[in-house]
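Student: from the sequence below, what's the structure:
(chains A, B and C)
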Amino acid sequence: MAYWLMKSEPDEVSIDDALAAGSVPWFGVRNYQARNFMRDQMQLGDGVLFYHSSCAEPGIAGIAEVCSSAYPDHTQFDAASHYYDPKSTQETPCWMMVDVQAIRKTRLLSLAEMRTHAELADMLVLQKGSRLSITPVSTAEWQAVLALLDQP
DNA sequence: GCCAACGTTGGC
DNA sequence: GCCAACGTTGGC
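Tutor: Residues are numbered from 1 along each chain as shown, chains lettered A, B, ... in the order given. The predicted model follows:
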């Protein structure tokens, strides 16, 4: 059982969208490190902090969990998609994804607030220059975030 | 829109 | 294998 923080642009897939859909395919990851986390390390039932990025108020917006193993991201084959990758073929897909089940929406734990909590200071998403859209979260960090989400 | 930081590409 | 140039991310 592991924990992850996964960034999504709410204009594309918000926590509300994910809750309405039940589960969402985490398409569009085009970074090898993030892909490898999904392909090699994620397990069914892993906990996910659903993070809104590239928006007015970036931060953790909900809780989710991994609900599939990794499989090819179909958008890499779609020439009309923003995520099309001409190097990928059906036989040798480059990009993988998992499905994520939204569990609940939480209060927004903003990036600015996250930076004020010493117990979160080591979270990878807070490190200078960090841009990775999927990062592992330690058990202690997971528990600290959940505790903060339960506070007003 | 700006820009710092990082990742990828491609010439050599 | 090096590294400069370019592209992308993402907060502000």
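Student: give the pairing partners of whichever strand in chain A runs longest; include direction for each.
Tutor: Among all segments of chain A classified by DSSP state E, the strand with the greatest residue count is strand A:99-110. With DSSP bridges as the criterion, the sheet partners recorded for strand A:99-110 are strand A:23-25 (antiparallel), strand A:59-66 (antiparallel).
Student: CSV please, covering these and showing mean neighbour count, mean pLDDT and distance to DNA strand B.
Tutor: Yep, even glycine has a C-beta here, placed from its N, CA and C like the rest. As requested, these are arranged in CSV below (neighbours: other CB atoms under 10 Å; pLDDT from 0 to 100; distance: least, CB to the nearest atom of the strand, whole Å):
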stretch, mean neighbour count, mean pLDDT, distance to DNA strand B
strand A:23-25, 17, 96, 21
strand A:59-66, 22, 98, 17
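Student: would you format those strands as TSV with distance to residue A:90 included?
Tutor: Formatted as TSV, those follow (distance: least, CB to CB, whole Å):
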stretch	distance to residue A:90
strand A:23-25	17
strand A:59-66	24
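Student: which of these sits closest to residue A:38?
Tutor: strand A:59-66 (8.5 Å; CB to CB).
Student: contact partners of the closest one?
Tutor: Under the contact criterion CB atoms under 8 Å, 6 or more residues apart in numbering, strand A:59-66 has outside partners A:4-6, A:10, A:14-15, A:18-19, A:42-52, A:98-106, A:108-114, A:145-146, A:149.
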